[in-house]
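Colleague: let me see the structure of the following:
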Amino acid sequence: MTFDLAAFLEQAGVGRKLVHLQPKQVFFSQGDSADAVFYLQTGRAKLTVVSPDGKEATIALLPTGEFIGEESLASVGGLHMATASAITACAALRIERGEMIRVMHEEHALSEMYLKFLLARSMRAQADLVDQLFNSSERRLARILLLLAEFGEPDKPEHLVPPITQETLAEMIGTTRSRVSFFMNRFRKLGLIEYNGRIRVNKSLLNVVLHDQFTERNPERPPGSATPRIRSKPASRG
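Modeller: Numbers count the residues shown, from 1 in each chain. Coordinates of the predicted model:
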């Protein structure tokens, strides 16, 4: 019998269960036993981590068609290093660790797809690191908006950003919410994005990012962030 990859990832079966999550519901939490991987059929999700002192940070946004919890396949008895939660309403297939490994060994189509996913995730993680190390916070925000809107996907007639708070955007680019608000307002004034309940990303934002025209050397800065001027003392008269 020919293996049907699409059917395997869409239908419940042995070791596979369909799950539905509403926004903010979790697939798994940081520290939970890593015993299953999820295939995101519809919706958007995010990965967050919490430090020992309680500080939370968003480390990845996950679109439809991605796997969640790949660390489950690394070893028996492992733990999830992050919390995966739904940003929008999500439908996913929960695949038990043993079943996923079995089918990957037996079916080349699944193992090839999963390998491509891991390579893409690794390349994206490297790009995120370079972005954090070398780009301005304004350009990092522009890049995140383009990724969220799935810019470049041929089946996306409208490039809309899923519901996301400015606090989450600030966590992802390593800045404050006030700076995110300042940059978002500037993007809108420049016609790079539109906002009417949902954020719509325009092609002009991509052109600006590619040509590196966003820098923090821009004279406009968020309120209260300007460097104070130091007046020189008048020369004393002899």
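Colleague: the helix or strand containing residue 206 packs against which elements?
Modeller: Per DSSP states H and E: residue 206 is located in helix 203-210. Applying 3 or more C-beta pairs under 8 Å, 6 or more residues apart in numbering; DSSP states H and E, we find helix 203-210 packed against helix 137-148. Every C-beta, even on glycine, is put in place using the N, C-alpha and C of the backbone.
Colleague: right, and the helix or strand after the helix it packs on?
Modeller: strand 160-161.
Colleague: that following strand - contacts with which helices or strands?
Modeller: strand 199-201.
Colleague: let's see 10 Å
Modeller: If contacts are counted by 3 or more C-beta pairs under 10 Å, 6 or more residues apart in numbering; DSSP states H and E, strand 160-161 sits against helix 137-148, strand 193-195, strand 199-201.
Colleague: who does the spatially most central residue of the chain bridge with?
Modeller: Nearest residue to the geometric centre of the chain (C-alpha atoms, centre = their mean): residue 61, 2.2 Å. Residue 61 has these beta-bridge partners by DSSP bridges: residue 46.
Colleague: give the contact list for it.
Modeller: Residue 61 is in contact with 44-47, 87, 144, 147-148, 162, 164, 168, 172, counting by C-beta atoms under 10 Å, 6 or more residues apart in numbering.
Colleague: next, format these as CSV and append pLDDT.
Modeller: Listed next are those as CSV, based on pLDDT from 0 to 100:
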residue, pLDDT
44, 90
45, 93
46, 90
47, 92
87, 88
144, 88
147, 84
148, 84
162, 84
164, 84
168, 85
172, 83
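Colleague: just the buried subset of those residues, please.
Modeller: Among the contacts of residue 61, those classed as buried by 16 or more other C-beta atoms under 10 Å are 44-47, 87, 144, 147-148, 162, 164, 168, 172.
Colleague: and the longest helix along the chain, what does it pack against?
Modeller: The longest helix of the chain (DSSP state H) is helix 108-134. Helices and strands touching helix 108-134, by 3+ C-beta pairs under 10 Å, 6+ apart, are helix 5-10, strand 36-42, strand 56-62, strand 67-68, helix 97-106, helix 137-148, helix 166-173.
Colleague: rewinding a little: winner for burial among the helices and strands packed on strand 160-161?
Modeller: Counting by mean count of other C-beta atoms under 10 Å, helix 137-148 has the highest mean neighbour count of the helices and strands packed on strand 160-161, with a mean of 21.
Colleague: just to revisit the earlier point, of the helices and strands packed on helix 108-134, which stretch is the most buried?
Modeller: When these are scored by mean count of other C-beta under 10 Å, the highest mean neighbour count falls to strand 67-68 (a mean of 23).
Colleague: and residue 112, how many neighbours does it have?
Modeller: Counted with other C-beta atoms under 10 Å, the neighbours of residue 112 add up to 12.
Colleague: quick one: low-confidence parts of this structure?
Modeller: Within the chain, the ranges that satisfy pLDDT under 70 run 152-157, 211-238.
Colleague: domains of this structure?
Modeller: Domain ranges of the chain: 5-125, 135-210, per automatic domain parsing.
Colleague: hmm, back to that, residue 78: which of the helices and strands packed on helix 108-134 is closest?
Modeller: Among those, the nearest to residue 78 by C-beta to C-beta is helix 97-106 (9.3 Å).
Colleague: show me what the closest one is packed against.
Modeller: helix 5-10, strand 16-21, strand 36-42, strand 90-96, helix 108-134.
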